[in-house]
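Chemist: Task: produce atomic coordinates for the following.
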Amino acid sequence: MAQWRFRKHLPGEPVRNPIQGEFFATEAIANAAEALVREGTQNSLDADLPGHQPVQIRLYLSGQAGAIAADQLSEFTAGLEPHVAADRNGLRTPPSAGEPCAFLAFEDFGTTGLNGAPTDAYLDDDQKNGFFTFFRAEGLSQKDTNDRGRWGVGKTVFPRVSRAGVFFGLTVRSDDQRRLLMGRGTLKFHRTAAGDHFTSDGYYGDAQADVTLPIEDAASIARFAALFRLKRGAETGLSIVVPWCEPEIEFDDLRLAVIRGYFVPILRGQLTVDLETSDRSETLNAGTLAQIAATVDQSKSKDLIASVELAKWASEQTPSAFIETVPPPTTGAMKWSKELIPNDVTMRIRERLMAGEAVAVRVPIVVRAKNATPKASHFSVFLRRDELYDEGKPLFVREGLIISDIRPKGGITRKIRSLVVVDDGPLATLLGDSETPAHTQWQSGSNFKDKYYYGPSYIDFVTSSVSRLIRFSFEDDVDKNLLLAREFFSIPAHDMTRPEDVPTPKPGPKPPIPPGPGPPPRAQAIRIDLIAGGFGLRPGADAAITGRRFLVQVAYDVRRGSALKRYSDKDFRLFKQSVQLAEPPKGVEVLETDRNRMVIRITKPDFSLKVQGFDTARDLVVRVTEQKDAAET
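Modeler: Alright, predicted model coming up:
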């Protein structure tokens, strides 16, 4: 008969209590629902069947309305009660005898299931056994370098959200199609009412002399699947059941955790998630995600909708849409420099951002692992200007997993929403090696140490990518006006005291010119209006103007010399950055533009053209002259 069994503690054996669950008690993980969704979904994505997409996940939450009566559970709880009721077992609110069982089911489809011999008591280095590492090992992972997990502790989130400290796993395996059911418990070192001391690890299954084996009885497995309302049929994959699930886990928490943690693979079509209760259901996929995200309480997840929208745009970009930087040198530490972002690249980034467009940037890099051939790799940066986003913190994603607690190097970039995506193998492997067990940070110790030449510099290079791309793209403006730099950058205090940043004292500004008509050009064909932040052109006294061409020149006024002759590209460029048409022109056609000049042709006698976005603290000079040799009649 299948039952639960914990191993008795041997006299003289060290007393150990599990601490793996503490890896997920971090401020970067909001609650138990987020920890469960992050780790469970990551494991499912890592176990995807080759050529099978998307991975499908089903999360079913029974709640008290769908709780199972205690007398129906006896077949699957035999032997468990003495340990759940034991003294100092680590359970905060253990279920009482006879209490109905509210539960959570986590099922995946399109995955391999837990392959490998279930009878193995040990594991050779070259032997792959997913069943062993899931049920019988902690801190041991056989995931390869292309997988998201590394530490082998993610499965500990399941007993952590059970008030009894246990979970069940029903798997259908892709290697032999066997259906296996087994349970695992994780308590603290404890003593039962009978006075016996037990270690922390317990198992449900066929209790042999030395090991507990999974059950394969088809009738028992069918009763289990029906009791816990599983949809697992003959499809390969894994169904996990958490009995006496913590009541703090609610439908909305699971939905928010899925969207926050995995909106990138969902939008790419790599993942779908079905959320269910006894009276409610929702499907999160590429077609529904944005709409469902819009219904989430934004007080619980600031800026979620905008992040999803940027990720959706990013998922639609083809290779030809990317602006590419220059690879950093293949010797020495990885560092950003102006040479990596040529002028044409910075101009394209700047122009698109100032025009309100999103930007896709591909950053090539060479990864140098020790005792291995250097490998070319890359990552992607997606940028969009957002006037409401003062936080300016980039969002980092490795192989679809949000790395939620990265402190970006080089400061933040206010008003810039950004997404940094690392999918390519060599760099994704490097960063995966640097992750903490909860996959919330990239750090240069433990799994990562001594694996790569100048390894920490790769982390800094990726995490500073947004601030460096923006800073180099706008550096002309930074040099010109520190206030404009503050619009985008979080500038450390010491930067403010550098001699080159201290503005030279200047006489006060000239009295502002009141709005209204300025001096007309000689031909009286066009009148110039000075408006807030710019100028406007409208008909003058000459009615015969249709078809004529004019050269319009603009510059900031200077105290000595000609303003037009002393114009600088650092001041502005027409229809670049902030200087744009205030409204669509009427009765006038802009034929060409170059720096501070444009050529226009009048098409209707009642015309208007307005340009805004200039520095309001400086006086503007506008000159309009007719190009008679190019006039059309």
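Chemist: What distance do you get for the nearest residue to residue 56 once chain neighbours are set aside to residue 221?
Modeler: In this structure, residue 56 finds its nearest non-sequential neighbour in residue 109, 4.2 Å apart by Cβ to Cβ, 6 or more residues apart in numbering. (C-beta placed from N, C-alpha, C; glycine too.) Here residue 109 is placed at a distance of 17 Å from residue 221 (Cβ to Cβ, to the nearest Å).
Chemist: So which of these two has more stuff around it?
Modeler: residue 109 (23 against 19; other Cβ atoms under 10 Å).
Chemist: Please verify my assumption that that one contacts residue 238.
Modeler: No - using Cβ atoms under 8 Å, residue 109 makes no contact with residue 238, being 9.4 Å away.
Chemist: where are the low-confidence patches of the stretch 501-633 of the chain?
Modeler: Counting by pLDDT under 70, the low-confidence segments of the stretch 501-633 of the chain come to 501-524, 629-633.
Chemist: How about the chain?
Modeler: Residues of the chain that meet the cut-off, pLDDT under 70, sit at 19-30, 125-126, 139-155, 298-302, 438, 445-447, 476-524, 629-633.
Chemist: try it again with 50
Modeler: 20-30, 142-143, 145-153, 478-487, 489-506, 510-523, 630-633 (pLDDT under 50).
Chemist: And the nearest residue to residue 387 once chain neighbours are set aside, how close does it get to residue 383?
Modeler: Nearest residue to residue 387 in three dimensions, chain neighbours excluded: residue 415, at 5.8 Å (Cβ to Cβ, 6+ apart). Using Cβ to Cβ, residue 415 is found at 11 Å from residue 383.
Chemist: same question, residue 164
Modeler: 48 Å.
Chemist: Give the other helices and strands that the lengthiest helix in the chain contacts.
Modeler: Secondary structure of the chain per DSSP state H: the longest helix is helix 251-267. Helix 251-267 sits against helix 32-46, strand 55-61, strand 271-276, strand 281-284, helix 289-293, helix 304-315, strand 401-403, with contacts defined as 3 or more Cβ pairs under 8 Å, 6 or more residues apart in numbering; DSSP states H and E.
Chemist: one more time with 6 Å
Modeler: helix 32-46, strand 271-276, helix 304-315 (3 or more Cβ pairs under 6 Å, 6 or more residues apart in numbering; DSSP states H and E).
Chemist: what's the closest of these to residue 247?
Modeler: helix 32-46 (10.4 Å; Cβ to Cβ).
Chemist: tell me what that closest one is packed against?
Modeler: If you count contacts as 3+ Cβ pairs under 6 Å, 6+ apart, helix 32-46 packs onto strand 55-61, helix 157-160, helix 251-267.
Chemist: Nearest to residue 464, out of the ones you listed?
Modeler: helix 251-267 (21.1 Å).
Chemist: And that closest one, what's buried?
Modeler: Judged by neighbour count (16 or more other Cβ atoms under 10 Å), helix 251-267 contains these buried residues: 251, 253-267.
Chemist: got it, and stretch 612-627?
Modeler: Neighbour counts using 16+ other Cβ under 10 Å place 612-615, 619-622, 624, 626 of stretch 612-627 among the buried residues.
Chemist: Now for those residues: which two are most distant?
Modeler: Among those, 615 and 626 lie farthest apart (Cβ to Cβ), at 28.3 Å.
Chemist: which ones are touching residue 91?
Modeler: When contacts are counted by Cβ atoms under 6 Å, 6 or more residues apart in numbering, residue 91 touches residue 165.
Chemist: you'd agree it is in a helix?
Modeler: No - per DSSP: H, G, I helix; E, B strand; the rest coil, residue 91 lies outside any helix segment and is coil.
Chemist: separation between it and residue 14?
Modeler: 22 Å.
Chemist: before we move on, back to that, roughly how far does the residue nearest to residue 387 sit from residue 405?
Modeler: 23 Å.
Chemist: got it, and residue 90?
Modeler: On the measure of Cβ to Cβ, residue 90 and residue 405 end up 27 Å apart.
Chemist: try residue 351
Modeler: Distance from residue 351 to residue 405, by Cβ to Cβ: 33 Å.
Chemist: again, but for residue 346
Modeler: 30 Å.
Chemist: Please produce a markdown table containing the buried residues of stretch 612-627, extended by secondary structure and distance to residue 115.
Modeler: Compiled in a markdown table, these are given as follows (DSSP: H, G, I helix; E, B strand; the rest coil; distance: Cβ to Cβ, whole Å):
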| residue | secondary structure | distance to residue 115 |
| --- | --- | --- |
| 612 | strand | 65 |
| 613 | coil | 62 |
| 614 | coil | 67 |
| 615 | coil | 66 |
| 619 | coil | 76 |
| 620 | strand | 72 |
| 621 | strand | 76 |
| 622 | strand | 75 |
| 624 | strand | 78 |
| 626 | strand | 81 |
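Chemist: picking up where we left off before, let me know the closest of the buried residues of helix 251-267 to residue 365.
Modeler: Nearest to residue 365 among these, with distances taken as Cβ to Cβ, is residue 264, at 20.2 Å.
Chemist: ok now do that closest one, which residues does it touch?
Modeler: Taking Cβ under 6 Å, 6+ apart, we find residue 264 in contact with 311, 397, 400.
Chemist: now these in TSV, with distance to residue 320 and neighbour count?
Modeler: Shown next, in TSV, are the contacts of residue 264 (distance: Cβ to Cβ, whole Å; neighbours: other Cβ atoms under 10 Å):
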residue	distance to residue 320	neighbour count
311	20	24
397	22	24
400	23	21
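Chemist: And the helices and strands packed on helix 32-46: which comes nearest residue 280?
Modeler: Closest to residue 280 of the helices and strands packed on helix 32-46 is helix 251-267 (Cβ to Cβ; 6.3 Å).
Chemist: related to what we said a few turns ago, please identify the deepest-packed of the helices and strands packed on helix 251-267.
Modeler: helix 32-46 (a mean of 24; mean count of other Cβ atoms under 10 Å).
Chemist: Mind listing the residues bridging to the closest residue to residue 166 other than its chain neighbours?
Modeler: Closest residue to residue 166 apart from its sequence neighbours, by Cβ to Cβ, 6+ apart: residue 185 at 3.9 Å. Judged by DSSP bridges, the bridge partners of residue 185 are residue 166, residue 202.
Chemist: how near is residue 185 to residue 359?
Modeler: 51 Å.
Chemist: for residue 227, same thing?
Modeler: 53 Å.
Chemist: From the neighbour counts alone, determine which of those two ranks first.
Modeler: Of the pair residue 227 and residue 359, residue 359 is the one with more neighbours under other Cβ under 10 Å, namely 22 against 16.
Chemist: Okay, the more buried one and residue 377: tell me how far apart.
Modeler: Taking Cβ to Cβ, one finds residue 359 at 21 Å from residue 377.
Chemist: ok, now residue 366?
Modeler: Residue 366 is 7 Å from residue 377, by Cβ to Cβ.
Chemist: repeat for residue 369
Modeler: Relative to residue 377, and taking Cβ to Cβ, residue 369 is found at 11 Å.
Chemist: Show me which of these two is the more surrounded one.
Modeler: residue 377 (21 against 17).
Chemist: what about the residue nearest to residue 225 when sequence neighbours are not counted, which helix or strand?
Modeler: With Cβ to Cβ, 6+ apart as the criterion, residue 225 has its nearest non-adjacent residue at 5.9 Å, and that residue is residue 232. Assigned by DSSP states H and E, residue 232 falls within no helix or strand.
Chemist: cool, and residue 606?
Modeler: Counting by DSSP H and E, residue 606 is found in no helix or strand.
Chemist: show me what contacts the residue lying closest to it once chain neighbours are set aside?
Modeler: Nearest-residue entry for residue 606: residue 587, 5.9 Å, with adjacent residues in sequence omitted and distances by Cβ to Cβ, 6+ apart. By Cβ under 6 Å, 6+ apart, the contact set of residue 587 is 603-604, 606-607.
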